[in-house]
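Trainee: only geometry, no sequence info:
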Ligand code: HEC
C-alpha cells in the first residue's frame with residue numbers, strides 16, 4: 001500500500017512587505033516632508049531626484065496640483081531641504097574654489 005505523503009516544505013522566504021527605498025535624510029523638515037510627501041508615493045520618488053531650487057519649486061506646484069498640501073509657512077523650508085539634499089549633482093558640501101588662470 002502506497003502512502004501518498006505530500007510534504008510541502010515551506011521555505012521561509014523573507015519577503016519585505018514593501019521596499020522602503022532610500023529614506024529621507026534627517027533635517028529640520030524631514031518629518032514634515034515625510035508627512036506631506038509620502039502619502040501618494042514613497043520617499044524614493046523624491047530621493048532619486050536631482051533638481052535645482054527652481055525645479056523643486058515647480059515640482060511642489062505640480063504636487064499641489066495633484067493634491068499635496070504644503071503649509072505656506074513651510075514652503076521655503078521644504079525647498080531648502082529638498083534642494084540641499086536632492087539638489088543638482090554639483091551642489092553639496094564640496095566647496096569649489098575657482099582658481100584664477102595663471
Ligand atoms: C496627492 C498625491 C501626492 C502627494 C501628496 C505628493 N505627490 Fe509627488 N507625485 C504624485 C503623483 C501622482 C506623481 C506622478 C506624477 C507624474 O507621473 O507625472 C508624483 C511624482 C513625484 C515626483 C517625481 C517627478 C514627477 O513630477 O513625476 C516627485 C519628485 C514628487 N512627486 C515629489 C513630491 C513632493 C516633494 C511632495 C510633497 C510636497 C509630493 N510629491 C507629494 C502625487 C503626489
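Mentor: Arrived safely, thanks for sending. For clarity, every value in this text was computed on a predicted model and none was experimentally measured. Residues are numbered from 1 along each chain as shown.
Trainee: list the buried ones in the lengthiest helix in the chain?
Mentor: Looking across the chain with DSSP state H, the single longest helix is helix 53-66. Neighbour-count burial for helix 53-66, with 16 or more other CB atoms under 10 Å as criterion, is recorded at 55, 56, 57, 59, 60, 63. Yep, even glycine has a C-beta here, placed from its N, CA and C like the rest.
Trainee: And the strands in this protein, which stretches?
Mentor: Per DSSP state E, the chain has no strands. Nothing in it meets that criterion.
Trainee: Quick check, residue 29 in contact with residue 77.
Mentor: Yes - using CB atoms under 8 Å, residue 29 makes contact with residue 77 at a distance of 4.8 Å.
Trainee: surely residue 36 meets residue 70?
Mentor: Yes - taking contacts as CB under 8 Å, residue 36 lies within contact range of residue 70: 5.7 Å.
Trainee: okay, and the common contacts of the two?
Mentor: Residues touching both residue 36 and residue 70 (CB atoms under 8 Å, 6 or more residues apart in numbering) are residue 78.
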